[in-house]
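Q: Any chance you could fold what I've pasted below:
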Amino acid sequence: MIGFTPVIHALGGSAAGAGPGTGTGEPLRLVEAGSLLAALAFARASPGQAAGADGAWASLAADGPRFAGTARRLLVEGGRTNALANPRGEGAGTAGWPTGWGSSQANGLTVQLQGVSQVGGVSVLRVRESGTATSSAGVRVFVTGSTIAAAPGSSWTSSLFFRLVAAPSPPLSWGLQILARNSAGASVPGGGTTVFAPTAELVRYAQTAPLGDAATAFVRSGWRMGLTNGRAYDFTYEVGWPQLELAPFASSPILPPAGSPGASTRAADLATLPLTAGQAGRGTLVGTFLLPQPVPAGRDHGLLLLHDGTAGNQVSLRALPGGAIGLLRTAAGTASASGTAGTIAAGTPFRAALAWDGTGLAACVNGAAPVALAAPVPPVTALALGQGAGDPLAGEIGPLDLHPTRLPDAALQSLTTP
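A: Now for the predicted structure:
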């Protein structure tokens, strides 16, 4: 738990689902590995996917919190839509691609589809391609027509699961592709190709690309094979759960109901704790967080949010582009920001604290010197996990404790030291 457990035990921490301890200054455990405090209200108005401790993906029902990976941290994401109608690969035959899938660039190879199976909880289509190449490339797409509308200047992210079953000889170059089309369906500049190097292990790959051409009207995605014209090939691979999102990075897989292909939306994860008057007036939150990807330029991702149900009175601990963590206070609609409490790296867990009372606010990251805002906490009534004044966390929250007092700076540094 990133150095978390010994500190909490020394303070007599409460387990998730239990009430506050009776000892003076004893923290209340809000998030534990694989569980939440009973008083936390959790909602998500759709099913959602998460990888379990064994790495296998599983679907969680609506309003069910998702705990990711071996650490079993709480996964918090905003709402997203997968524009691809058939990520499960339904409708595949031995000769015909799944419904909506196909080829946009022929290469002379014979395609033999060998069925859809489950690998680590992911539905994958096994494909064998063999023969003599008649071109230097082959492009396979998840939407054969121009059906996914896209605006000029928008950014899209494509992702898929992929692995080699029988590797090609000689090796191929592989690429994820986002393809821009005009209103007539013709190719226009924008999108692009991101090279990936598949292995025998099923791995999820992703790319993000802008569609900058003024004539852009549609978008599609797929994968590309770099071939040697005139050379004989025989190789097999598996591809599964493709996704295309109007977003600057990939989110967790989004699937339509089985047997009902169509663009599908995963609703936002919402975890909220009503605050008592005492908690609203003073307190300290200390926890572990993980952002899988860097914060995009011009955005911020909320880690913790104290609020009154409006945007007028808020305190947000947030992640900024470049890895900076800072505070944002809004009182009666007027906002003020702190300096940087610390810098974090995408994909690496970090520890952070947010403290407040009637004299001011403070934040601390990984044991660094706390930063402060010398203004009282505004009137707030609730705590939202993974939310902020900007975008949701799009990441994970590990063990998280609420202390009943505003802890001193030295304690903030001690409790957040990894």
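Q: List the buried residues of stretch 61-75.
A: For stretch 61-75, a neighbour-count test (16 or more other Cβ atoms under 10 Å) marks 63, 65-68, 71-75 as buried. Heads up, the C-betas are built off the backbone N, CA and C, glycines and all.
Q: Dump those to CSV, plus pLDDT.
A: Below are the buried residues of stretch 61-75 laid out as CSV (pLDDT from 0 to 100):
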residue, pLDDT
63, 98
65, 98
66, 98
67, 98
68, 96
71, 97
72, 98
73, 98
74, 98
75, 98
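Q: which one of the residues you listed is nearest residue 33?
A: Of all the buried residues of stretch 61-75, residue 33 sits closest to residue 72, with 4.0 Å by Cβ to Cβ.
Q: got a list of what the closest one touches?
A: 33-34, 53 (Cβ atoms under 8 Å, 6 or more residues apart in numbering).
Q: for residue 60, same thing?
A: Taking Cβ under 8 Å, 6+ apart, we find residue 60 in contact with 47-50, 66.
Q: same deal with residue 380?
A: Applying Cβ under 8 Å, 6+ apart, we find residue 380 in contact with 275, 280, 306-308, 313-315.
Q: So which bits of stretch 130-150 are buried?
A: In stretch 130-150, counting by 16+ other Cβ under 10 Å, buried: 133, 137-143, 146, 148, 150.
Q: Apologies, that question was intended for stretch 162-178.
A: Buried, per 16+ other Cβ under 10 Å, within stretch 162-178: 162-164, 168, 172, 174-178.
Q: Which of those residues sits closest to residue 227?
A: Residue 227 lies nearest to residue 172 out of these, by Cβ to Cβ, at 6.5 Å.
Q: any idea of the mean pLDDT in stretch 408-418?
A: Stretch 408-418 shows a mean pLDDT of 97.
Q: chain center to that stretch: distance?
A: Here stretch 408-418 is found 28 Å from its chain centre; the criterion is Cα atoms, centre = their mean, to the nearest Å.
Q: Show me the contact partners of that stretch.
A: With Cβ under 8 Å, 6+ apart as the test, stretch 408-418 has contacts from 2-3, 7, 284, 286, 350-353, 355, 362, 364-370, 407.
Q: Sort out which residues of that stretch are buried, please.
A: Neighbour-count burial for stretch 408-418, counted by 16+ other Cβ under 10 Å, picks out 411-413, 415-416.
Q: Give the closest residue to the spatially most central residue of the chain in space, chain neighbours not counted.
A: By Cα atoms, centre = their mean, the chain has its centre lying nearest to residue 251, at 3.8 Å. Spatial nearest neighbour of residue 251, excluding adjacent residues (Cβ to Cβ, 6 or more residues apart in numbering): residue 80 at 4.6 Å.
Q: Let me know whether that neighbour touches residue 244 as I believe.
A: No. Residue 80 is beyond contact range of residue 244, at 10.6 Å (criterion: Cβ atoms under 8 Å).
Q: what's the spacing between the residue lying farthest from the centre of the chain and residue 136?
A: Each residue of the chain has a distance to the centre, and by Cα atoms, centre = their mean the biggest one is for residue 230: 42.0 Å. Distance, residue 230 to residue 136, by Cβ to Cβ, to the nearest Å: 10 Å.
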